[in-house]
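K.L.:
Predicted structure and sequence below. I'll ask about it afterward.
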Amino acid sequence: MRDSFLSSRFGTARGLVRLTLAYAELGLGLGAVRAGEPEQVRRLVFVCHGNICRSAFAERLARDAGMAAASFGLSTASGKPAHPPLAALAAGRGHDLSAHLSTAQEDYEPLDGDLLLAMETRHLRLLARHPRFAPLPRGLLGLHCRPPVPHLHDPYRLSDAYTLACLRRIESAIPVLRRRYPGAVRA
């Protein structure tokens, strides 16, 4: 019972630990968040590890909601399709990831008005140390979810139950992002 609770809500025990640590990091001001001015945001850029699960899904949802969006992975090669189990679950929720191809961080081209939205605080720390990304405003996608969570654990190769929980969390963030960053809404 405990294992199914952990796996469906947090992905793994490590996911729960990372969530707890993310709360502590943010509470202590160590989260490497670099808030920008909402009115200056023109494009949402979703960032995760491989750009085949969380950031791919978030980009698709933002685009479907009429927002300018992009995504990239911190540790991937460009040209990989969305993770098939996640793509199937997304399709079941009405979101087509069949055209998605991953973008490696070195292939991402920052634009004026980009807001980087990472899935984990460790992603924020990597972005803060990277010379191309350090000047850009950055935050955590999960803090826009309802309810807010500072860590969206990677669903790659995890249970369908957790993957769906992760997708629902990301879905809950899109209306919040649309209201908060109207400059990213395409005319």
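P.N.:
Happy to help now that I have it.
K.L.:
Helix or strand: which one has residue 90?
P.N.:
Per DSSP states H and E, residue 90 falls inside helix 84-92.
K.L.:
buried sites along the lengthiest helix in the chain?
P.N.:
Longest helix of the chain, by residue count under DSSP state H: helix 160-180. Of all the residues in helix 160-180, those buried under the rule 16 or more other CB atoms under 10 Å are 162-167, 169-174, 177-178. The way it works is simple: take the backbone N, C-alpha and C, and place the C-beta from them, glycine included.
K.L.:
swap in stretch 107-127?
P.N.:
Residues of stretch 107-127 classed as buried: 108, 113-124, 126-127 (neighbour count, 16+ other CB under 10 Å).
K.L.:
contacts for stretch 130-137?
P.N.:
For stretch 130-137, the external contacting residues (CB atoms under 8 Å, 6 or more residues apart in numbering) are 34-37, 40-41, 105, 110, 114-116, 127-128.
K.L.:
if we can go back for a sec, list the helices and strands the longest helix of the chain packs on?
P.N.:
Applying 3 or more CB pairs under 8 Å, 6 or more residues apart in numbering; DSSP states H and E, we find helix 160-180 packed against helix 2-9, helix 54-64, helix 84-92.
K.L.:
Now do the last one against helix 160-180, angle only.
P.N.:
When axes from the mean of the first three to the mean of the last three CA atoms, to 10 degrees is applied, the directions of helix 84-92 and helix 160-180 differ by 60 degrees.
K.L.:
just for this protein, where's the confidence low?
P.N.:
Residue ranges of the chain with pLDDT under 70: 1-3.
K.L.:
Endpoints of stretch 128-140, how far apart?
P.N.:
End-to-end distance of stretch 128-140 (CA to CA, to the nearest Å): 13 Å.
K.L.:
Would you mind listing the buried residues in it?
P.N.:
Neighbour-count burial for stretch 128-140 flags 133, 136, 137, 138, 139, 140 (criterion: 16+ other CB under 10 Å).
K.L.:
Take the residues you listed and lay them out in JSON lines including distance to residue 149 and secondary structure.
P.N.:
Output for these, formatted as JSON lines (distance: CB to CB, whole Å; DSSP: H, G, I helix; E, B strand; the rest coil):
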{"residue": "133", "distance to residue 149": "23", "secondary structure": "coil"}
{"residue": "136", "distance to residue 149": "23", "secondary structure": "coil"}
{"residue": "137", "distance to residue 149": "20", "secondary structure": "coil"}
{"residue": "138", "distance to residue 149": "17", "secondary structure": "strand"}
{"residue": "139", "distance to residue 149": "13", "secondary structure": "strand"}
{"residue": "140", "distance to residue 149": "9", "secondary structure": "strand"}
